[in-house]
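**Student:** Structure, please.
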Amino acid sequence: MFKKITAVSASILCAALLMVNTASAEDGKRYEDSVKWKNVVKITYKIGKRDDALKIIKDYYQVASKKAKTPMPEMVMEMHTGDYDLLVIWHMQNGIEDMTWETNPDSVAWRKALNDVAGSEEKAQEILDEYVSYIAHAENEIALVR
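**Tutor:** Numbers count the residues shown, from 1 in each chain. The predicted model follows:
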């Protein structure tokens, strides 16, 4: 019972502190230019498909990215515990504005390069479909680094 009361009290205190902090910014406040926005992709592969998925990334996705001269992930972490198999962190070059593209020019360039690497648009689509078939669950989140 004491733990429950402590947890509830801590939650109320955190909420109150957030409201006080928010209320003190009467005119609003933008993030400083020094913040960096990140796209964090968390992937869980189907059982037994992790190595196959990582091979496609290495043999096709990374090669296409180099060929197209598109940004590579800032960090790739192969997880050995927890809920995810792979965490991929991408730097958002133009900050949150990167989310305003309906079709990002880097994505277009990368897909053209993947078509070349695979040998045809059809083969590239087969590779993409195969990779997607290995995914059990994926999440995409936006984060900032101060």
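**Student:** show me the contacts for Lys123.
**Tutor:** Residues near Lys123 by CB atoms under 8 Å, 6 or more residues apart in numbering: Asn115. For glycine as for every other residue, the C-beta is placed from the backbone atoms N, C-alpha and C.
**Student:** mind checking how far it is from Tyr131?
**Tutor:** Distance of Lys123 to Tyr131, computed by CB to CB, to the nearest Å: 13 Å.
**Student:** Could you do Ala138 as well?
**Tutor:** Counting by CB to CB - Ala138 and Tyr131 are separated by 11 Å.
**Student:** which of the two has more neighbours?
**Tutor:** Between Ala138 and Tyr131, counted using other CB atoms under 10 Å, Tyr131 has the larger neighbour count: 18 against 14.
**Student:** Pop out the phi and psi values for the nearest residue to Ala143 once chain neighbours are set aside.
**Tutor:** Closest residue to Ala143 apart from its sequence neighbours, by CB to CB, 6 or more residues apart in numbering: Lys38 at 4.7 Å. Main-chain dihedrals, Lys38, degrees, to the nearest 10: phi -130, psi 140.
**Student:** okay, now Lys38: neighbour count?
**Tutor:** 15.
**Student:** need the strands for the protein, in chain order.
**Tutor:** For the chain, the strands defined by DSSP state E occupy 36-45, 75-78, 86-91, 135-145.
**Student:** Could you verify my assumption that Ile127 touches Arg111?
**Tutor:** No: at 11.2 Å, Ile127 does not count as touching Arg111 under the criterion of CB atoms under 8 Å.
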